[in-house]
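Peer 1: structure for this input, please:
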Amino acid sequence: MSVLRPIVRRLLAAPFRTIAVDDQRSWKSYQMYLGALHLARAIEQGTERPHVGIMLPTAGLFPMAMIASWMLGRTVVPLNYLLKGEDLAYVIEDAELDLVITATPMLERFGPLPEQARPLCLDKMKFSGLPPLRRSARLGDDFLAVLMYTSGTSGRPKGVMLTASNLASNGEQCVTWAGFTSKDVMLGVLPQFHSFGLTVLTLLPLCVGCKVVYTARFMPKKILDLLRKHRPTAFIGIPSMFNALLAAKSAKAGDFTSLRYVVSGSEPLPEAVFNGFRDRFNIVINEGYGLTETAPVTNWCRPQDHKPKSVGMPLPGVHEKIVDPQGRRLGVDAEGEILISGPNVMQGYYKMPAETEAVFDEDGYFRTGDMGRIDADGHLFITGRIKEMLIIGGENVFPREIEEALISHPSVHACAVIGMQDESRGELPLAFVELAEGAEFDETALRSHCREKLAQYKVPREIRVVNELPRNPTGKILRRELSPQVPSVVG
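Peer 2: Have a look, this model is predicted:
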């Protein structure tokens, strides 16, 4: 299944159509295509290696760089510019990169590249004139289109190998499921080095020929301005973005009326945020689910299928099962680990055969590490991460349930729950909270609020205030970076 051919065909079929708008400029199809041809020549002159790094902000430059790399039959390695220096150096070395497509402002803001990689700065290139036309490389189904490094929940980041077929399949699955056409307009703010931003907000619009509006930084006022100006039909974000929009005093229901899809992914959507959007803006946020290893989308709760807290049914061609710790398949509504198979599932981890073998069962299903259940209608419900599960007095407790109780209190803006060791009960829940603007911290009141919503053994033993919870580049809260040693900023 080709990933490049339909993109080029779309670009050439409507050359004067505006295909992207970003913080700096707008892009017509022919500008994207000619820019990719210019850049392909520069890549060809700059390196003979099969992998090319891309370190760019969310903008039209990223798809141009991606297309240029694929024209040469080179693998794209999106680089997370927010990584610590040593982790970025590890990714560049592991992916065997000696050339990174970037821009001078990126290097000025985030620091120079590790010495083994040479920057190809787009702002210093000349794109004038007609570049040499070339026949694009023929990319087979097994062509390694993208090598995407995970954030690394433990140890070093792992390179997820996604083929042309993986990406093309997932794009086609999303289009079939949601009915996207060239008339749609997407609003994209997720980073393009993230699988969600790469597939749904970069690759998918190119394949269907619809316009996408990019902005490099999430700022509620900017998002509201873009909604009013461009009237997008689809906005895909994460819970913290929706929470920030909900808190924006200038936001009005009319700002969202053009949207037919409002989708939340990356982490569970708090009930308080869902209710707030529904009540204030008359908008039902539907959740989706996926992983880098699945290219990424596997489930999407469409508006017509909405069920509270469901991430929806699997996309066409995706198969899912719930298993117990011994790998035995469980029935309807039974909770266990989620396993997935389908044409969008990765080929494996780069240069990690043992780790690759460990994440697939004997039937070829990918072990997600997430816990969930599937109801009688085929809807998937995520309950938590296996590694983050707390065992309190022999009972399994997932942080999400406690966090839902906490965030429903008006003084809490965001929260995270981890376990702390206890000699008698194994673990006890420890909560960290970010306070809402202007709120005062009252631990007694918060614990009382939790007791109204939770069994006594699930109520946090201690609640601490932090100025800011640790998050990944998409805004997902990183519980693994919290520990009982993290102090409260009050008290």
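Peer 1: tell me which residue is most central in this protein.
Peer 2: Nearest to the mean C-alpha position of the chain, counting by CA atoms, centre = their mean, stands Phe196 at 3.9 Å.
Peer 1: got phi/psi on that one?
Peer 2: The phi/psi pair for Phe196 (degrees, to the nearest 10) reads phi -60, psi -50.
Peer 1: how about the closest residue to it other than its chain neighbours, what does it touch?
Peer 2: Spatially, and ignoring its direct neighbours in sequence, Phe196 is nearest to Leu190 (5.2 Å; CB to CB, 6 or more residues apart in numbering). No exception for glycine: its C-beta is placed from N, CA and C like everyone else's. Leu190 makes contacts with Thr58, Phe196, Gly197, Leu201, Ile236, Gly237, Ile238, Thr474, as judged by CB atoms under 8 Å, 6 or more residues apart in numbering.
Peer 1: again, only using 7 Å
Peer 2: Under the criterion of CB atoms under 7 Å, 6 or more residues apart in numbering, the neighbours of Leu190 are Phe196, Gly197, Leu201, Ile236, Thr474.
Peer 1: could I get those residues as CSV with secondary structure, distance to Asn299 and pLDDT?
Peer 2: Putting these into CSV (DSSP: H, G, I helix; E, B strand; the rest coil; distance: CB to CB, whole Å; pLDDT from 0 to 100) gives the following:
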residue, secondary structure, distance to Asn299, pLDDT
Phe196, helix, 13, 91
Gly197, helix, 18, 94
Leu201, helix, 18, 95
Ile236, strand, 14, 94
Thr474, coil, 18, 74
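Peer 1: so what's the residue count around Ser169?
Peer 2: Here the number of neighbours of Ser169 (other CB atoms under 10 Å) works out to 23.
Peer 1: now the one 4 residues further on
Peer 2: By other CB under 10 Å, the residues close to Gln173 number 23.
Peer 1: what do you get for Val345?
Peer 2: For Val345, the count of nearby residues is 24 (other CB under 10 Å).
Peer 1: that one is in contact with Tyr365, isn't it?
Peer 2: No: using CB atoms under 7 Å, Val345 makes no contact with Tyr365, being 8.4 Å away.
Peer 1: my guess is the residue nearest to the centre of the chain contacts Thr294. True?
Peer 2: No: counting by CB under 7 Å, Phe196 does not reach Thr294; the two are 11.2 Å apart.
Peer 1: all strands of the stretch 301-450 of the chain, in order?
Peer 2: Secondary structure of the stretch 301-450 of the chain by DSSP state E, counting those that start in this stretch: the strands cover 313-314, 319-323, 336-341, 348-349, 366-374, 380-385, 390-392, 395-397, 412-422, 426-435.
Peer 1: nearest to Lys221, of these?
Peer 2: Closest to Lys221 of these, according to CB to CB: strand 412-422, at 17.9 Å.
Peer 1: off-centre distance for that closest one?
Peer 2: Distance of strand 412-422 from the chain centroid (CA atoms, centre = their mean, to the nearest Å) equals 23 Å.
Peer 1: residues of it that come out buried?
Peer 2: Within strand 412-422, the residues that qualify as buried are Val412, His413, Ala414, Cys415, Ala416, Val417, Ile418, Gly419, counting by 16 or more other CB atoms under 10 Å.
Peer 1: reformat the residues you listed as a markdown table; add distance to Val175 and pLDDT.
Peer 2: Putting the buried residues of strand 412-422 into a markdown table (distance: CB to CB, whole Å; pLDDT from 0 to 100) gives the following:
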| residue | distance to Val175 | pLDDT |
| --- | --- | --- |
| Val412 | 38 | 95 |
| His413 | 36 | 93 |
| Ala414 | 33 | 93 |
| Cys415 | 36 | 94 |
| Ala416 | 35 | 95 |
| Val417 | 38 | 96 |
| Ile418 | 39 | 94 |
| Gly419 | 42 | 92 |
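Peer 1: closest to Pro220 among these?
Peer 2: Closest approach to Pro220 among the buried residues of strand 412-422 (CB to CB): His413, at 13.5 Å.
Peer 1: among the contacts of Leu190, which two are most distant?
Peer 2: Checked with CB to CB, these reach their widest spread between Leu201 and Thr474, with 11.5 Å between them.
Peer 1: so for those two, which residue has more residues nearby?
Peer 2: Leu201 (26 against 22).
Peer 1: circling back: from the contacts of Leu190, which is closest to Gly327?
Peer 2: Looking across those and measuring by CB to CB, the closest to Gly327 is Phe196, at 28.9 Å.
Peer 1: in the stretch 51-200 of the chain, where is pLDDT below threshold?
Peer 2: Along the stretch 51-200 of the chain, the model assigns pLDDT under 70 to residues 151-155.
Peer 1: what about the helices in it?
Peer 2: For the stretch 51-200 of the chain, the helices defined by DSSP state H, counting those that start in this stretch cover 61-71, 85-94, 104-110, 164-178, 195-198.
Peer 1: neighbours of the residue lying closest to His409 once chain neighbours are set aside, how many?
Peer 2: Sequence neighbours aside, His449 is the residue nearest to His409 in space, at 4.9 Å (criterion: CB to CB, 6+ apart). His449: 19 surrounding residues under other CB under 10 Å.
Peer 1: same question for Glu355.
Peer 2: 13.
Peer 1: one more: Lys252?
Peer 2: 12.
Peer 1: with adjacent residues omitted, what lies nearest to it?
Peer 2: Phe281 (7.8 Å).
Peer 1: got phi/psi on the one you found?
Peer 2: Dihedral angles (degrees, to the nearest 10) for Phe281: phi -110, psi 0.
Peer 1: for Pro105, see how far away Ala216 is.
Peer 2: Counting by CB to CB, to the nearest Å, the separation of Ala216 from Pro105 is 10 Å.
Peer 1: repeat for Glu362
Peer 2: Plainly put, Glu362 is 49 Å away from Pro105 if you go by CB to CB.
Peer 1: so which of the two has more stuff around it?
Peer 2: Pro105 (11 against 6).
Peer 1: how much space between the more buried one and Asp123?
Peer 2: In terms of CB to CB, Pro105 sits 7 Å off from Asp123.
Peer 1: contacting residues for the residue nearest to the centre of the chain?
Peer 2: Leu190, Ile236, Gly265, Ser266, Pro296.
Peer 1: closest to Phe256 out of those residues?
Peer 2: Checking the contacts of Phe196 against Phe256 by CB to CB gives Ile236 as the nearest, at 13.6 Å.
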